[in-house]
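In: how would this look folded up:
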Amino acid sequence: MTVKLKDLVENYDLEIVHKSSDYDKIIINSSEINRPGLQLCGHFNKFVNERIQVIGTQEWHYLNSLDDKNIKESLNKLFQYNIPCLIFSRNNEVFEEAYYLAKEHDRTLLKSKEPTAKLMSKIVSHIEEDLAPTIRVHGVLLDIYGVGVLIKGRSGIGKSETALDLITNGARLIADDSVIIKNIDQRLIGKSPDITKHFMEIRGVGIIDIQKMYGVGFVMEEKSIEIIINLEDWDESKEYERLGIINNHETLLGIDVAKFDIPVKPGRHTAMIVEVATKNYKQKELGHNPAIELNARILKNKKDNI
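Out: Residues are numbered from 1 along each chain as shown. Coordinates of the predicted model:
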């Protein structure tokens, strides 16, 4: 994944003061942003020129305290490096010297109305998300009682129908059929491709719009994935989990996620079982494990009867 400078400019309404000749090709490879205070004073030791450079209020006031000659000398050293861009934040005036130096060195010069900290936070979040390790999985992502639940299984096993049943009971839809998952700061964040956002396919009915049918309270833009529900055909020869003492996991993008294999067969209320699995997971997270408690009762009962 890459981040193009022109996409950041469009997304955050940055004003283009000067556009370099390679503006459309500039790629941002780092989510870190530099405020070049030391560089304006001539210190370039370990300067990372691949980062976006932002002139905040402190840097601006420092430059404003200089005469025209020293402003030019201070900025000229910075523009000699192949920086992706220089942004003047908080709607501060762009010095004429900066404009002429940007033209001379063929660098992109931008301006933003946003406060420095807010602008940097937005850009960093955007870049980190775009550069994060990403996979796309076939499944349905829901918010059930505040827990991000990814429902997986073979095509036609009933993932969307189960999800619809859960939605009518208060769950919220993030994505159906295709789920984009990113590892952001060791958290798995799932969302829907823009083209299918809020839509579900129900066999026998067709495409439905969850937001328009149920309301905005039944959809979400993204959700952290905490558990995986794997729906599979009932197999009489398979030994399914009976107690829940052992926790199964599936690894996605290097992160272990709690996993429940739920067998499906006619007459079994799959949506209710998914809901119960989610509630049980929340209880375990809060320190209450019913299987361990039952085991303790059994052991105590045996001890009392000896």
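
In: what stretches of the chain score poorly on pLDDT?
Out: Applying pLDDT under 70 to the chain flags residues 1, 240-246, 291, 306.

In: how many other residues sit next to the nearest residue to residue 23 once chain neighbours are set aside?
Out: With CB to CB, 6 or more residues apart in numbering as the criterion, residue 23 has its nearest non-adjacent residue at 5.5 Å, and that residue is residue 108. In this view, the C-beta of every residue, glycine as well, is placed from N, C-alpha and C. Using other CB atoms under 10 Å, residue 108 is surrounded by 24 other residues.

In: how about the one 10 residues further on?
Out: Neighbours of residue 118 under the rule other CB under 10 Å: 12.

In: measure the residue nearest to residue 23 to residue 85 for me?
Out: Residue 108 sits 4 Å away from residue 85, taking CB to CB, to the nearest Å as the criterion.

In: where along this structure do the helices fall?
Out: 5-11, 37-40, 57-64, 68-79, 96-105, 116-131, 159-167, 210-214, 270-285, 290-304 (DSSP state H).

In: please identify the most buried of those.
Out: Scoring those by mean neighbour count under mean count of other CB atoms under 10 Å gives helix 159-167 as the most buried, with a mean of 22.

In: now for it, which elements pack on it?
Out: Applying 3 or more CB pairs under 8 Å, 6 or more residues apart in numbering; DSSP states H and E, one finds that helix 159-167 contacts strand 134-144, strand 147-153, strand 172-184, strand 199-202, helix 270-285.

In: quick check: bridge partners of the closest residue to residue 273 other than its chain neighbours?
Out: In space, and not counting its chain neighbours, residue 273 is closest to residue 262: 5.7 Å by CB to CB, 6+ apart. Beta-bridge partners of residue 262, counted by DSSP bridges, are residue 231.

In: cool, and residue 200?
Out: residue 208.

In: check contacts around it.
Out: 160, 163, 164, 173, 176, 177, 207, 208, 210 (CB atoms under 8 Å, 6 or more residues apart in numbering).

In: mind doing that once more with 10 Å?
Out: Going by CB atoms under 10 Å, 6 or more residues apart in numbering, residue 200 touches 140, 159-161, 163-164, 167, 173, 175-177, 206-210, 213.

In: next one: residue 179 from residue 109, what distance?
Out: Distance, residue 179 to residue 109, by CB to CB: 40 Å.

In: returning to that earlier point: what residues are up against the residue nearest to residue 273?
Out: By CB under 10 Å, 6+ apart, the residues touching residue 262 are 151, 153, 162, 229-232, 234, 240-241, 268, 270, 273-274, 277.

In: and for residue 142?
Out: 148-151, 162-163, 166-167, 171-176, 190, 220, 223, 229, 274, 278.

In: swap in 6 Å and give it another go.
Out: Residue 142 makes contact with 149, 163, 166, 171, according to CB atoms under 6 Å, 6 or more residues apart in numbering.

In: neighbours of the last one, how many?
Out: When neighbours are defined as other CB under 10 Å, residue 171 has 23 of them.

In: how much space separates it from residue 10?
Out: Residue 171 sits 35 Å away from residue 10, going by CB to CB.

In: ok, residue 128 - contacts?
Out: Neighbouring residues of residue 128 by CB under 6 Å, 6+ apart: residue 31.

In: quick one, phi/psi of residue 288?
Out: Residue 288 has phi and psi values of phi -110, psi 110 when expressed as degrees, to the nearest 10.

In: burial count for it?
Out: Per other CB under 10 Å, the neighbour tally for residue 288 reads 11.

In: repeat for residue 231
Out: For residue 231, using other CB under 10 Å, the count is 22.

In: quick check: nearest residue in space to the most centrally placed residue in the chain, chain neighbours excluded?
Out: Here the mean C-alpha position of the chain is nearest to the C-alpha of residue 189 (CA atoms, centre = their mean), at a distance of 4.6 Å. What sits nearest to residue 189 in space, not counting adjacent residues and going by CB to CB, 6+ apart, is residue 182, at 5.0 Å.

In: any idea how far the one you found is from residue 7?
Out: Separation of residue 182 from residue 7 (CB to CB): 17 Å.

In: what count of nearby residues applies to residue 224?
Out: The number of residues packed near residue 224 is 12, by other CB under 10 Å.

In: please read the previous query as pertaining to residue 222.
Out: Using other CB under 10 Å: residue 222 sits among 18 other residues.

In: quick check: bridge partners of it?
Out: Beta-bridge partners, per DSSP bridges, of residue 222: residue 191.

In: residue 191 is in contact with that one, correct?
Out: Yes - here residue 222 reaches residue 191: they are 4.0 Å apart, a contact under CB atoms under 6 Å.

In: near residue 80, how many other residues are there?
Out: Neighbours of residue 80 under the rule other CB under 10 Å: 14.
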